[in-house]
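K.L.:
sequence first, predicted model second:
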Amino acid sequence: MSNQKKRIFQIEAFQNRVVVDPKYAEKTWKILEHAIHEIYNHNASGLSFEELYRNAYNMVLHKFGEKLYSGLVTTMTAHLKEISKSIEAAQGNLFLEELNRKWNDHNKALQMIRDILMYMDRTYIPDTHKTPVHELGLNLWRDNIIHSGKIQSRLLSTLLELVHRERTGEVIDRGLMRNIVKMLMDLGSSIYQEDFEKPFLEVSAEFYRGESQKFIECYDCGDSLKKAEIRLNEEIERVTHYLDAKSEGKITNVVEKEMIANHMMRLVHMENSGLVNMLLNDKHGDLGRMYNLFRRVPNGLAMIRDVMTSHLRETGKQLVTDAESLKDPVEYVQRLLDEKEKYDGIISLAFSNDKTFQNALNSSFEYFINLNSRSPEFISLFVDDKLRKGLKGVSEGDVEIILDKVMMIFRYLQEKDVFEKYYKQHLAKRLLSLIVKLKTACGYQYTSKLEGMFTDMKTSQDTMQGFCSSHPELTDGPTLVVQVLTTGSWPTQPSITCHLPFEMSALCEKFRSYYLGTHTDIKAIFGKGQKHELNVSTYQMCVLMLFNNADRLCYKEIEQGTAIPASDLKRCLQSMACVKGKNVLRKEPMSKDIGEDDSFFVNEKFASKFYKVKVGTVVAQKESEPEKQETRQRVEEDRKPQIEAAIVRIMKSRKVLDHNNIIAEVTKQLQSRFLANPTEIKKRIESLIEREFLERDNSDRKMYRYLA
Amino acid sequence: MGVQKDVVKFNVGGRIFQTTATTLANAGRDSFFGALFDDNWDLQQPPNNRQEFFIDRNPDCFAVLLDLLRTGDLYIPSNVPERLLYREAMFYGLIDHVRSAKWGPFDGNRLKLSRSVTGRAPGDGTAIRAGPVGGCCVAHGSMVHVFDWMLEEHPPINLDYQRVNDIGWVNSEHVLISACERIGKGDGGMGLFSSSTGDLRYKFNVVHDNQIKSYTAGALSFSPDYKIFASCKGRSNEYGIGVWDQVTGKQMDFFYESPGWSLGDADKLQWLNESNCLLVATLFPRKDNCYISLLDFREKRMVWSWSDIGAPFTVDEKRVRDAIAMEECNSVCVVNEYDDLGFIDLRINGGSVRWSSRSRLLKGKMPDEPCYPKLALHNGQLFSSMNDSISVFCGPDWVLTSRLRRCYGGSICDFSIGGDRLFALHSEENVFDVWETPPPPVI
């Protein structure tokens, strides 16, 4: 009984809770629906927020969330349909304005509706995974307004029309444009992209395709680029004014493709105004513009670089092979420097110091400078010239700048050792001439020691060469290098005597007898009865001896009588016949150079205030052809041990290596000094095999093995 | 002093309150007060020239909430039930304010027991997991009960009524359950549920050789780059660790266990963010031996491993019962059934356990129904459950600094820290405790 009673009570309680008022939900919703109407009708001032909020809360609390939500969707949709009609009805220019006004109204209404329904938004919507109120409002706007048949296409064409009008110079209402585009973005990035951005890009591509065709037909390259640049900047500006920032890359891509990428070839190679013309005329502004525009498109810069490189190589090749410029080494190098400076300027001012362009410039210079094998010599001569001139008029700083520039060019040389050889010679001459100048300024005593030191080095070298050739049997034994120094000229060092091993002392003895044998002071008597003791070289001695038996000898006779090599003989005769103060011989005709038909006789008028006269040997000015050959040969000779050392160094670490790799590695190791000739490397390898530093692999003849 | 212009007068359920617009602004725009004073509503002045705004709500709760807005401090008088206050806070949109004022930032040494919640589940508890915003979920047998931070119970969850092995919060809205399979039915496995409604949202598949296979899912772990890891056992010896994408729900990877090692039966998975590795621990007594390893999924390689296979057993038989990696210390902390902590060096492969016997005094009074100890690490504090209490260890030498104990409920079978709360699940009585750090002191 009591059990049953209890059950009845429970049922009653259950019923009481649910059935609040059968019409409760409907009544409450009516209040809210009315409020939504009033909000859309700008009539909200009479509404009580507290009452509406409480009613919406109560509906959710009493499980009428679904009714509330679906009611909201229905009511809002109905209002949006009305709005859609009023927007459609707007005429002409008013269309966008009406759309914008209604959009602002809707946003405000949406915010207020969301305020009323906040509790539903917080509890009922997440639990049931429905769309939150704000998002719902945007979706309904999208579906009922933006995607309504009569508005969608009209909106798009209006927007595109405005952009087109702005492109053709009209002033449009950018603020309105920005608001409408902002609306599309608020509705979701996909709406913006599909409903505006995509067609916008297509129309833009078409517009610029036509325009660029016109430009390229009517304007030269520089002007076409200027127009493209202006258009590009306009589009970037347009994006900042009223488009989504993400569109910037896309629209600039369109302009770049239509105005640059599609006409790249034509622009670069445009007759009388293309890239080469700009380079020739140093049009830094145009070049910079081209660089900045082409940088934006694929392969743009590569194209500029390639054209520049081939133009540079072509002009460079002409420069180094031009017979005219070869006549004057200083002018030759000066023109190289000018060319380098011109392009350095272009790259730094127009190509924003682009590393790849600098590399292209370097490789081009390297290419054509080495086309002329005399480049090292000429550069050395140029430096020589500048250093000599540097003494007068030009400040030290200026010389430094010039030298720095020359160093830039020097780096392009592949045969740096050839330069070194020439430079040594020129340096020696310059030193001598300095000494001569010092002598004129300060007198003989001042420089005699310096001069002595210098001639010591020179004669020692000659002596050693002579010694070696006169004792061919000595090549197997220890090599002797002797510097014969004049006592007193050099800073003194304590000399310590010790017993040399037999081989060494024998060698020294041989050298001593050789040296004493060649260097003889000659006592000569000249016409005026003056006696002089001449200190001369062996060759000079030989020549002078001939005059003991004859007064006058022609070149050929001397050559026959002494059998001295022609180049040496010429230098020898030059030093005795053409140097002032040392001219113990006279020659006919009087000239600075020695000719094959010249004849020589003793200078009866020779006079000197000294009893002992040292007759030096002149150093050649610009090298004659055979001398050049000889320098060349000496260079090759000097390279041999360096190549061998490199091979041994490499093989010592690698033990086994094939031929091609040795060549490659040796070339790499030596490239800072010179470009090793592969055949020469091969010869060196052969030589090393002979001397049992290396051996060939038995199975693979291309492999070499290092023998420890 | 001039007349204050921003004074606002409310009539709440017949009681007059006066406050300022500045105070109400603390509620934020996304609240009743935020909307009420928005320009849109044009309601700066009370309507109908009345002196005050009328609100048809409970004045006692309004007083508490107004005080909260004024001071940021939550004081609930004894005459106001918490549930009532929470409901009113929900009405005004101030529930987040209440939650963040209710308890302070977590500190293991200042924890106070806040509530004990009794459940109705039969049988032993399996696991308890703290949610990200103060709620928790509890697994008993095949059922999972979900509680929000107010400790209001939401509809319970089950995965085909299969026995639940592990649970975890993917985010505050979603709970993941791993369960045993039902042979031949494709039931069980792993499922994602809504924490508020209990609806099944997604079931995760395991694919072997392009075929969907049924499987038993075990221990779970999550990585910050939205991956789910689970130990899995398939029908045909497809044992190992499965990896899924939380966003797409698709299986991304599967790390098959090699012979002589154990992954698919793991007791514990722990994602290590620094080293980008997953710790997998299979322990006694699930297996005869203990296997702890670190997996690098980028290289598909086991980068570190430790096992007690072949190790001689000492008289007091120290078997590893739980393990946790401590990346800052480059070590794995382990615990045995006597609550001894041990450490294994993560930099050496195949190192040994360095036991520190600190807690011997506990020995000798083992309860009737012992529970295996569990470990947790939070903000540099180490927690270890043993019988009916949880020990807190701090500092570089892991000194015992606090012990949390409650009188009834029996042994603690699992505990979890999250949302600045610690939840401890007891095995004998169906009850779990909520421990909180009180809000900062007034002065």
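P.N.:
Thanks, I have the structure now.
K.L.:
neighbours of residue A:121, how many?
P.N.:
Using other CB atoms under 10 Å in any protein chain shown, residue A:121 has 23 neighbouring residues. For every residue, glycine as well, the C-beta is placed using N, CA and C.
K.L.:
spit out the contact partners of it.
P.N.:
By CB atoms under 8 Å, 6 or more residues apart in numbering or on different chains, residue A:121 lies in contact with A:114, A:132, A:133.
K.L.:
let's see that with 10 Å instead.
P.N.:
A:56, A:60, A:69, A:113-115, A:130, A:132-134, A:136, B:30, B:93 (CB atoms under 10 Å, 6 or more residues apart in numbering or on different chains).
K.L.:
ok, now residue A:174?
P.N.:
Counting by CB under 10 Å, 6+ apart, residue A:174 touches A:162, A:166, A:238, A:241, A:242.
K.L.:
sort out for me which of these are in helices.
P.N.:
Judged by DSSP state H, helices contain the following of the contacts of residue A:174: A:162, A:166, A:238, A:241, A:242.
K.L.:
so what's the last one up against?
P.N.:
Spelled out, that is residue A:242. A:159, A:162-163, A:166, A:172-182.
K.L.:
can you rerun that using 8 Å?
P.N.:
A:174, A:177, A:178, A:181.
K.L.:
now it: closest residue in space that isn't a chain neighbour?
P.N.:
Closest residue in space to residue A:242, ignoring its immediate chain neighbours: residue A:178 at 3.8 Å, by CB to CB, 6 or more residues apart in numbering or on different chains.
K.L.:
can you check the second one too?
P.N.:
Nearest-residue entry for residue A:166: residue A:172, 5.0 Å, with adjacent residues in sequence omitted and distances by CB to CB, 6+ apart.
K.L.:
who touches the one you found in this structure?
P.N.:
A:162, A:165, A:166.
K.L.:
packing partners of the host helix or strand of residue A:441?
P.N.:
Per DSSP states H and E, residue A:441 falls inside helix A:416-442. Applying 3 or more CB pairs under 8 Å, 6 or more residues apart in numbering or on different chains; DSSP states H and E, one finds that helix A:416-442 contacts helix A:375-390, helix A:444-470, helix A:625-654.
K.L.:
that older thread, buried ones from the ones in helices among the contacts of residue A:174, can you make that a ChimeraX selection?
P.N.:
A single ChimeraX command is used to select the members of these judged buried by 16 or more other CB atoms under 10 Å in any protein chain shown:
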select /A:162,166,238,242
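K.L.:
residue B:59 and chain A, how far apart?
P.N.:
Separation of residue B:59 from chain A (CB to the nearest CB, to the nearest Å): 14 Å.
K.L.:
quick one on the thing from earlier: scan the contacts of residue A:121 and report the most crowded one.
P.N.:
Most surrounded of the contacts of residue A:121: other CB under 10 Å gives residue A:56, at 28 neighbours.
K.L.:
do any residues in the helix or strand harbouring that residue lie close to chain B?
P.N.:
Element membership of residue A:56 [criterion: DSSP H and E] is helix A:49-61. Yes - looking at helix A:49-61 against chain B by CB under 8 Å from any CB of the partner chain, the contacts come from A:49, A:50, A:53, A:54, A:57.
K.L.:
hmm, who's touching the helix or strand following that helix?
P.N.:
Once helix A:49-61 ends, the next helix or strand along the chain (criterion: DSSP H and E) is helix A:65-89. Identification of contacts with helix A:65-89 by CB under 8 Å, 6+ apart yields A:25, A:29, A:32-33, A:36-37, A:40, A:56, A:59-60, A:95, A:98-99, A:102, A:105-106, A:109, A:113, A:117, A:120, A:124-125, A:128, A:130, A:133, A:136-137, A:140-141, A:144-145, A:148, A:150-151.
K.L.:
pLDDT on helix A:65-89, on average?
P.N.:
The average pLDDT for helix A:65-89 rounds to 94.
K.L.:
how close does residue A:611 get to chain B?
P.N.:
In this view, residue A:611 and chain B are 92 Å apart by CB to the nearest CB.
K.L.:
whatever residue of chain A ends up closest to chain B and residue A:45, how far apart?
P.N.:
Of all residues in chain A, residue A:115 sits closest to chain B, at 3.5 Å by CB to the nearest CB. Relative to residue A:45, residue A:115 is positioned 15 Å away (CB to CB, to the nearest Å).
K.L.:
by mean pLDDT, point me to the weakest helix or strand of chain A.
P.N.:
One helix or strand of chain A scores below all others by mean pLDDT, DSSP states H and E: helix A:2-18, with a mean of 45.
K.L.:
that helix: what's the following helix or strand?
P.N.:
helix A:24-40.
K.L.:
from the chain's centre, how far out does that following helix sit?
P.N.:
On the basis of CA atoms, centre = their mean, to the nearest Å, helix A:24-40 sits 74 Å off its chain's mean C-alpha point.
K.L.:
is chain B within reach of it?
P.N.:
No - judged by CB under 8 Å from any CB, helix A:24-40 stays clear of chain B, getting no closer than 8.9 Å.
K.L.:
weed out the non-buried ones from the contacts of helix A:65-89.
P.N.:
A:25, A:29, A:32, A:36, A:40, A:56, A:59-60, A:95, A:98-99, A:102, A:105-106, A:109, A:113, A:117, A:120, A:124-125, A:130, A:133, A:136-137, A:140-141, A:144-145, A:148, A:151.
K.L.:
now, which of those residues lie within helices?
P.N.:
Short answer: those in helices (DSSP H) are A:25, A:29, A:32, A:36, A:40, A:56, A:59-60, A:95, A:98-99, A:102, A:105-106, A:109, A:113, A:125, A:133, A:136-137, A:140-141, A:151.
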